[in-house]
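> Fold the following.
(one chain, ligands or ions: 1)
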Amino acid sequence: MTEAPTSSPTVVIGVLALQGAYEAHARTLRELGAEPRLVRTPDQLEGLDGLIMPGGESTTMLKFLERNGFFDLLKSFVQETPTFGTCAGAILLATDVENPPQRSLGVLPMTVERNAYGRQIDSAILESQTELPGGPLEMVFIRAPRIRSTGPEVETLASRDGSPTLVRYGHLMAATFHPELSGDTRVHQFFLETVRRHKQAQATRDSA
Ligand code: GLN
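The predicted structure is shown next:
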């Protein structure tokens, strides 16, 4: 286990744990000195500094979210609080979903096409240049969506064959790959920086 960075205050990060690859995210967060909390019910969104929505099956996640007003609460939450969606989680954040169209939280301006890489090459491990410091980034794709277009203020941090694979839009981030499955923790680190900046800005606002 890596030593937790000592200089930054601990942040509490929810990991949506309705279905899918949430355990590996929790492990990576813990390694980086953050406190992960599994989120299975709407009340568990309370008190979080940020949220990760993992990969899995977005249609199944939507079914769970449609109970107990979870969808609407989550929508308000992601409008205010740093949230990182990976793969199925990215699909949930997008404003537009294709193949087939489906409901989403609609907060990150991008069009995503589900299962866009066909059956033959539906899973792959690739390396790509990235805007993140530290050289090429390993990306694990599993029945991945493709980001077909992004709004003007969406930043692309990595891509695959000209399509963005890692994007940031203010306090929101999305990846079409699974950063929790490679040994490289830079993507989670980058998200935690966003969370800490957001938390500090909020504390400054609250004390003004
Ligand atoms: N194919 C899944 C979906 O459409 C996403 C795959 C993943 O999260 N690895 O929801």
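
> The ligand contacts on this structure?
Within the chain, the positions near the ligand by CB under 6 Å from any ligand atom are 55-58, 87-88, 91, 114-115, 142-143. C-betas here are computed from N, CA, C, even on glycine.

> Let's see that with 8 Å instead.
With CB under 8 Å from any ligand atom as the criterion, the chain meets the ligand at residues 20-21, 54-61, 86-89, 91, 114-115, 141-145, 178.

> ok now do the closest residue to residue 132 other than its chain neighbours, which residues does it touch?
Computed as CB to CB, 6 or more residues apart in numbering, the closest residue to residue 132 that is not its neighbour in sequence is residue 186, at 5.0 Å. Applying CB atoms under 8 Å, 6 or more residues apart in numbering, we find residue 186 in contact with 130, 132-134, 137.

> One more pass at 7 Å, please.
When contacts are counted by CB atoms under 7 Å, 6 or more residues apart in numbering, residue 186 touches 132, 134, 137.

> go on, residue 114?
91, 97, 99, 145 are the contacts of residue 114 under CB under 7 Å, 6+ apart.

> If we use 6 Å, what do you get?
99, 145 (CB atoms under 6 Å, 6 or more residues apart in numbering).

> Okay, it and residue 28: tell me how far apart.
In this view, residue 114 and residue 28 are 25 Å apart by CB to CB, to the nearest Å.

> what do you get for residue 146?
Taking CB to CB, one finds residue 146 at 24 Å from residue 28.

> Compare these two (neighbour count), which wins?
residue 28 (25 against 20; other CB atoms under 10 Å).

> Identify the residues contacting the host helix or strand of that one?
Using DSSP states H and E, residue 28 sits within helix 22-31. Residues outside helix 22-31 that contact it (CB under 6 Å, 6+ apart) are 1-2, 13, 15, 36, 52, 54, 180, 185, 188.
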